[in-house]
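# What shape does this take:
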Amino acid sequence: MPISIRERLKRCFFLLLPCLFLAGMLFTQGRTLSDPTAPAAAPAAIPASADNWGLSFPNEGQSPVGNATAESLAQYDAYYLGDTGKKVIYLTFDCGYENGYTEKILNALKKHSAPAAFFVVGNMIETAPDIIRRMAEEGHIVGNHTFHHPDMSAISDQAAFQKELDSLAALYQETTGRELPMFYRPPQGKYSEDNLKQAQALGYKTVFWSLAYVDWYVDNQPTAEQAYGKLLPRIHDGAIVLLHSTSKTNADILDELLTKWEDMGYTFASLEELPEA
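Next comes the predicted model:
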C-alpha cells in the first residue's frame with residue numbers, strides 16, 4: 001500500500017528529531033564554553049562527598065563563585081567571603097614550615113597595621129616557636145591547619161578528626177601560653193559536609209578563601225608582575241585572601257601589594273571581624 005506524502009513527512013520528522021535535539025545540546029554547550037556572559041551552572045549547596053575547595057571568577061573585581069554557596073557554608077560556621085558590603089580584605093597565610101620569609105611578611109604587616117591569620121601545622125610550631133610567639137604578640141590570629149596536614153576529608157571518625165586539631169591546639173598553648181583561636185582551614189582545601197559538621201561541633205569556624213594564586217612552588221616562584229596580575233584585578237569587597245608564607249615572592253612584594261590595595265580604597269580586618277555566619 002503506497003505511503004502518503006503526509007505519512008512520509010511525519011516519519012522524516014521523527015527520524016530528524018534526535019538529530020535536532022543533539023544539535024541543540026551541542027550549541028548550548030558551545031555557548032556556555034565560549035561565551036563568558038552565558039550563565040554558569042549553579043554551585044552545589046554542599047558537595048555530598050569529599051571535594052576540593054574551588055573558585056571561578058565570572059567577573060574580575062567581583063566576588064568569585066565557590067563550589068558551595070556562602071549561604072550553605074554559613075549553616076556550618078564556614079566562610080569563603082567576609083563582609084561584601086565593605087572594601088575590606090581579610091589576609092590569611094598558610095604556614096606548613098618556615099622557609100625564611102615569615103619575619104619579612106610580619107614586618108610588612110606591622111608597617112601597615114594589618115592584622116592577619118596564620119594557619120599553621122605542628123611542624124611550624126615545633127621548628128619556629130619564636131615566630132609563632134611573635135605572631136601572637138603582634139595581634140595576629142594563629143589558626144588550626146591540623147597537626148600533620150592530612151587529607152581531612154578522608155577522616156570520618158570524629159575522634160580521629162578531633163585529635164588532629166586538639167594536638168595542634170595543645171602544642172600552641174604549650175608554646176605561647178595562650179589558647180589557640182578557633183579558626184580552622186582544611187589542608188589543601190579538601191573537605192566534605194561531614195568535615196564541616198565535625199569542625200563546628202568542636203567550636204571552630206572553617207575558613208576557605210576567595211582569592212589565591214599559585215605561589216606555593218618554592219623552586220618556581222612567580223614574578224612580582226605575575227603576582228600583581230592575579231592579586232590586583234581579582235580583589236573584591238570582603239575578600240579572604242590566601243597566601244603562603246613559604247613564598248619568596250610574597251615576602252618581597254607584600255609591602256607594595258598592601259600599599260596598592262590601600263590605594264584602591266581597601267582596609268584590612270581580622271577574621272575576628274567576620275560577620276556572623
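# When you work out contacts or count neighbours from here on, use the C-alpha atoms and nothing else.
Fine.
# in its sheet, what does the lengthiest strand in the chain sit against?
Counting by DSSP state E, the longest strand found in the chain is strand 88-95. According to DSSP bridges, strand 88-95 forms sheet pairs with strand 116-120 (parallel), strand 239-244 (parallel), strand 267-268 (parallel).
# Would you reformat these as JSON lines and include mean neighbour count and distance to Tyr213?
JSON lines is the format used below for the strands paired with strand 88-95 (neighbours: other Cα atoms under 10 Å; distance: least, Cα to Cα, whole Å):
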{"stretch": "strand 116-120", "mean neighbour count": "25", "distance to Tyr213": "17"}
{"stretch": "strand 239-244", "mean neighbour count": "24", "distance to Tyr213": "8"}
{"stretch": "strand 267-268", "mean neighbour count": "20", "distance to Tyr213": "19"}
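# Could you dump the ones you listed into JSON lines and include mean pLDDT and distance to Arg178?
Putting the strands paired with strand 88-95 into JSON lines (pLDDT from 0 to 100; distance: least, Cα to Cα, whole Å) gives the following:
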{"stretch": "strand 116-120", "mean pLDDT": "98", "distance to Arg178": "15"}
{"stretch": "strand 239-244", "mean pLDDT": "98", "distance to Arg178": "24"}
{"stretch": "strand 267-268", "mean pLDDT": "98", "distance to Arg178": "24"}
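# now the ones you listed as a markdown table including distance to His148?
A markdown table is the format used below for the strands paired with strand 88-95 (distance: least, Cα to Cα, whole Å):
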| stretch | distance to His148 |
| --- | --- |
| strand 116-120 | 10 |
| strand 239-244 | 17 |
| strand 267-268 | 30 |
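# how about these, which one is nearest Asp194?
strand 116-120 (20.9 Å; Cα to Cα).
# Tell me which helix or strand comes right after that closest one.
helix 122-127 (DSSP states H and E).
# chain center to whichever helix or strand comes after that following helix: distance?
The element immediately downstream of helix 122-127 (helix or strand, assigned by DSSP H and E) is helix 129-137. Centroid separation for helix 129-137 versus its chain: 24 Å, with Cα atoms, centre = their mean, to the nearest Å.
# Can you list the buried residues in helix 129-137?
For helix 129-137, burial by neighbour count (16 or more other Cα atoms under 10 Å) applies to 131-133, 135-136.
# Test of understanding: give the bridge partners of the closest residue to Cys95 other than its chain neighbours.
What sits nearest to Cys95 in space, not counting adjacent residues and going by Cα to Cα, 6 or more residues apart in numbering, is Val120, at 4.8 Å. Beta bridges link Val120 to Cys95, Asn144, judged by DSSP bridges.
# so who does Val120 touch?
94-96, 142-146 (Cα atoms under 8 Å, 6 or more residues apart in numbering).
# out of the residues you listed, which is most surrounded?
Asn144 (30 neighbours; other Cα atoms under 10 Å).
# picking up where we left off before, tabulate the contacts of Val120 in a markdown table, adding columns for distance to Ser113.
A markdown table is the format used below for these (distance: Cα to Cα, whole Å):
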| residue | distance to Ser113 |
| --- | --- |
| Asp94 | 20 |
| Cys95 | 20 |
| Gly96 | 24 |
| Val142 | 17 |
| Gly143 | 19 |
| Asn144 | 23 |
| His145 | 24 |
| Thr146 | 28 |
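# Helices of the stretch 1-150 of the chain, residue ranges please.
Counting by DSSP state H, counting those that start in this stretch, the stretch 1-150 of the chain has helices at residues 5-34, 70-74, 102-111, 122-127, 129-137.
# just to revisit the earlier point, which single one of the contacts of Val120 is nearest to Gln200?
For the contacts of Val120, the nearest to Gln200 is Asn144 (13.2 Å; Cα to Cα).
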